[in-house]
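J.: Sequence below, structure please.
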Amino acid sequence: MFLSWVSGAFDLYLQDEFNGLHVFFTEGNFHIKNEVENVKVIVEINLESKVLENGQMIFDKIISIYNLLLKN
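T.: Reported below is the predicted structural model:
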């Protein structure tokens, strides 16, 4: 569910959904992978950006989606 929400938020960017969600933007990319171990869900977010401010803005957007889903 989390990956589909993030994918929708970044639907204007090139995406690859093989082995998680990989989104490419002008200054870099991010990859989100989730695994289920027993009853725990583990989410790994890797973000690479050439411009710190843009990378921080994208990371904040991903975290805000996560926080929104936690409330529901």
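
J.: drop to CA atoms for contacts and neighbour counts, all remaining ones
T.: Fine.

J.: List the buried residues in stretch 36-56.
T.: Residues 47, 49, 55 are the ones in stretch 36-56 that count as buried (16 or more other C-alpha atoms under 10 Å).

J.: ignore the last one, stretch 63-72
T.: Under 16+ other C-alpha under 10 Å, stretch 63-72 has no buried positions.

J.: Residue 5 versus residue 61, what's the distance?
T.: Residue 61 sits 11 Å away from residue 5, going by C-alpha to C-alpha, to the nearest Å.

J.: Helices - which of the buried residues of stretch 36-56 land there?
T.: Secondary structure from DSSP state H places residue 55 of the buried residues of stretch 36-56 in helices.

J.: Redo the buried residues of stretch 36-56 as CSV? Include pLDDT and distance to residue 33.
T.: What follows is the buried residues of stretch 36-56, written out as CSV (pLDDT from 0 to 100; distance: C-alpha to C-alpha, whole Å):
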residue, pLDDT, distance to residue 33
47, 98, 12
49, 97, 18
55, 96, 18
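
J.: between the buried residues of stretch 36-56, which is nearest residue 15?
T.: The shortest gap between residue 15 and any of the buried residues of stretch 36-56 belongs to residue 47, at 13.9 Å (C-alpha to C-alpha).

J.: hang on, isn't the closest one packed against residue 30?
T.: Yes - in this structure residue 47 lies within contact range of residue 30 using C-alpha atoms under 8 Å: 4.2 Å.

J.: which neighbours do those two share?
T.: When contacts are counted by C-alpha atoms under 8 Å, 6 or more residues apart in numbering, the set common to residue 47 and residue 30 is empty.

J.: could you measure residue 37 against residue 43, distance?
T.: Separation of residue 37 from residue 43 (C-alpha to C-alpha) stands at 11 Å.

J.: re earlier: show me which of the buried residues of stretch 36-56 is closest to residue 23.
T.: Comparing those against residue 23 with C-alpha to C-alpha places residue 47 closest, at 9.5 Å.
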